[in-house]
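Participant: Kindly generate the corresponding structure for this input.
(one chain, ligands or ions: 2)
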Amino acid sequence: MAGADLVIDNLAQVAWPAGSGAPLRAGAMRETVVVRDAAIAVRDGKVAAVGPRAEVAAGSAGLDVLDAGRRAAVPGLVDCHTHPAFGGDRVDEFSLRARGASYEELHAAGGGILSTVRATRAAGEEGIRRAVERHRGWMLRQGTTTWEGKSGYGLDRDTELASLRAIRAAGGVATWLGAHAIPPEVGDADAYLDFMLADVLPEASAIAEAADVFLEEGAFDAARARRYLEACRAAGLELRLHGDQFTESGAVPLAIDLGARSVDHLEATGPEGVRALAASDVTAVLLPASALFLDRPMPPARALADAGAAVALATDFNPGSAFCESLPLVCSLAATQLGLSPAEALVACTVNAAHVLGRASTVGRLGPGYAADVVLLDVPDWRYLAYHLAGEVVHTVIVGGNPTRLR
Ligand code: NIG
Ligand code: FE
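Facilitator: Numbering: from 1, shown residues only. Ligands and ions are numbered 1, 2, ... in the order given. This is a model prediction of the structure:
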C-alpha cells in the first residue's frame with residue numbers, strides 16, 4: 001500500500017518513548033513523551049507533525065481527517081521474535097502438558113518441535129504462505145505493525161527457504177533459524193550443520209536478515225552454535241540466539257563474543273549473565289508469554305533493567321511454547337510478572353525491539369520522519385496497553401498512514 005496523507009485528529013493523548021537514540025537503558029526506559037489533546041499529521045506515510053491539535057491543524061489544511069474520538073495513541077508495536085511459519089498445531093501436546101507432561105519430555109520423545117516440523121513439511125510452500133498470512137493478520141489485530149518471523153520448522157532445504165520466502169512476502173523481517181532442532185533423518189548435529197551451512201545458507205542469507213540458533217541441552221551446544229553463527233555472520237547475516245531458556249549453557253558469553261543483536265528467553269540467566277549483558281551491546285529479549293505458557297520461572301527482567309541492559313519484549317508466537325500473538329498481553333505480563341512499569345514495557349516493545357531488527361530510526365516512535373505506524377487504543381490512557389489484562393484495547397491499526405479499523 002502506498003503511504004497515505006491524512007491527519008489523525010482528536011486524540012486524548014499520544015505517547016511514545018522519549019529521546020532519539022536506541023536502545024534505551026535504565027532510567028531512559030522510564031521516560032515517555034505524552035502529548036494531550038493531540039493530532040498527528042501524516043504525509044507520504046510518514047509522521048509530518050505531532051503535537052497539540054491547534055499546532056498540527058495549522059500545517060495540515062486540506063488533509064483527510066481521521067477522527068480518533070478522544071482515544072489514546074501509541075506507536076505501532078514491534079514484535080522482534082516470532083515463529084509464524086508452521087503447519088498444524090500442538091493442541092494435543094498442550095492438553096498433555098496441562099495434565100503434567102513436561103515440554104522437554106515431549107520434545108525428547110519426538111513430539112514438540114519435531115511434530116511441528118512434520119506438519120510444516122507436509123503443508124508445502126502454499127500452505128506455509130497461507131499460515132504466515134493468517135498469523136500476520138492475528139498480530140496486526142493486536143497492534144503489531146513491524147514483526148520478525150523465524151523459519152526453523154522445516155529443517156530441510158526446501159521448507160526452510162519456503163518459510164523465509166513466506167515471511168518476507170507477508171512483510172516480515174525474516175530470520176533463518178536453521179539450527180532449531182536436529183531432524184530425525186540426519187545422523188547427528190554435526191552432519192546436520194554440514195548440510196545446512198553448505199546447501200541452505202547461501203540461499204537463506206539472500207532472503208533473511210539474521211540467523212538464530214537454539215542453544216540448549218538437547219538442541220545445539222555452545223561449540224556448534226558458534227560454528228553455525230560464525231558461518232552465518234560470514235555470509236552477511238546478523239546474529240540472534242535462543243539462550244538460557246532451561247539451562248545456562250553459554251549463550252550469553254557467546255552472544256557477547258560474536259556481537260549478536262540479541263539473546264532471547266533468559267529464564268535461567270543468573271547474576272553473572274545479567275552483569276555481562278548489562279555491560280554489552282547485546283539486547284536481552286524477554287518472552288514472558290513463553291515462560292507463562294510453559295509454567296517456567298520468569299526471566300530476571302528487573303535485574304536486567306536496573307543493571308542497565310538493553311531490554312526488549314516479544315511474544316515468541318509459536319505453536320508449542322507460546323501460542324500467543326498479543327504484545328498488549330505481553331505488556332501486562334511485563335507489568336504484573338516482570339516488575340516493569342508500563343513505560344518500560346512500551347520502550348521494550350517499540351524502540352528497543354526495533355533496535356533488535358535494525359529499524360529504530362524508522363519505527364518505534366512517533367516523532368516527525370518516523371513511519372506513520374500508529375495504534376489507536378480504545379481507551380483514554382495509553383497505559384491501558386499493560387493495564388487491561390487480555391482486554392480489547394486495540395481499536396484501529398494504522399500502517400504507513402493506512403488505517404484498519406477493528407471495532
Ligand atoms: O522460542 N525454544 C525454542 N524454540 C521455540 C519453541 C518452539 C516450539 O516449541 O515449537 C521457543 O520457545
Ligand atoms: Fe522462540
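Participant: quick one: low-confidence ranges for the stretch 201-350 of the chain?
Facilitator: Applying pLDDT under 70 to the stretch 201-350 of the chain flags no residue at all.
Participant: what's the nearest residue to whichever residue of it sits closest to ligand 1 if we skip its chain neighbours?
Facilitator: When scored by Cβ to the nearest ligand atom, the stretch 201-350 of the chain has residue 320 as its residue closest to ligand 1, at 2.4 Å. Where you see a C-beta, it was placed from the backbone N, CA and C, and this is true even at glycine. Leaving aside its sequence neighbours, residue 320 sits nearest to residue 90 (Cβ to Cβ, 6 or more residues apart in numbering; 4.9 Å).
Participant: just residue 190 next, same as before
Facilitator: Residue 190 sits nearest to residue 224 (Cβ to Cβ, 6+ apart), 7.2 Å away.
Participant: Ok, residue 282 next?
Facilitator: Of all residues not flanking residue 282 in the chain, residue 255 sits nearest, at 4.8 Å (Cβ to Cβ, 6+ apart).
Participant: The one you found: which element?
Facilitator: Residue 255 belongs to helix 251-258 when assigned by DSSP states H and E.
Participant: still on that earlier bit, list the contacts for the residue nearest to residue 282?
Facilitator: Contacts for residue 255 (Cβ atoms under 8 Å, 6 or more residues apart in numbering) come out as 239, 241, 243, 262, 263, 280, 282.
Participant: quick one, helices of the stretch 101-250 of the chain?
Facilitator: For the stretch 101-250 of the chain, the helices defined by DSSP state H, counting those that start in this stretch occupy 103-108, 112-141, 157-169, 189-195, 201-207, 222-234.
Participant: ok, residue 225 touching residue 213?
Facilitator: Yes: counting by Cβ atoms under 8 Å, residue 225 does reach residue 213; the two are 4.5 Å apart.
Participant: Common neighbours of the two, please.
Facilitator: Joint contacts of residue 225 and residue 213 (Cβ under 8 Å, 6+ apart) are 179, 241.
Participant: one step back: the helix holding residue 255 near ligand 1 at all?
Facilitator: No: using Cβ under 6 Å from any ligand atom, helix 251-258 stays clear of ligand 1, with a minimum separation of 11.4 Å.
Participant: next structured bit after that helix?
Facilitator: Scanning forward in sequence from helix 251-258 by DSSP H and E, the next helix or strand is strand 262-265.
Participant: and stretch 198-208, C-alpha only, in PDB?
Facilitator: In PDB, the C-alpha atoms belonging to stretch 198-208 read as follows (Å, rounded to 0.1, in the frame of the first residue of the first chain):
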ATOM      1  CA  ALA A 198      26.800 -25.900   2.700                       C
ATOM      2  CA  ASP A 199      23.400 -26.300   1.000                       C
ATOM      3  CA  VAL A 200      21.000 -23.900   2.600                       C
ATOM      4  CA  LEU A 201      23.000 -20.900   3.900                       C
ATOM      5  CA  PRO A 202      23.900 -19.400   0.500                       C
ATOM      6  CA  GLU A 203      20.200 -19.000  -0.400                       C
ATOM      7  CA  ALA A 204      18.900 -18.400   3.100                       C
ATOM      8  CA  SER A 205      21.300 -15.500   3.500                       C
ATOM      9  CA  ALA A 206      19.900 -13.800   0.400                       C
ATOM     10  CA  ILE A 207      16.400 -13.800   1.900                       C
ATOM     11  CA  ALA A 208      16.900 -13.500   5.700                       C
END
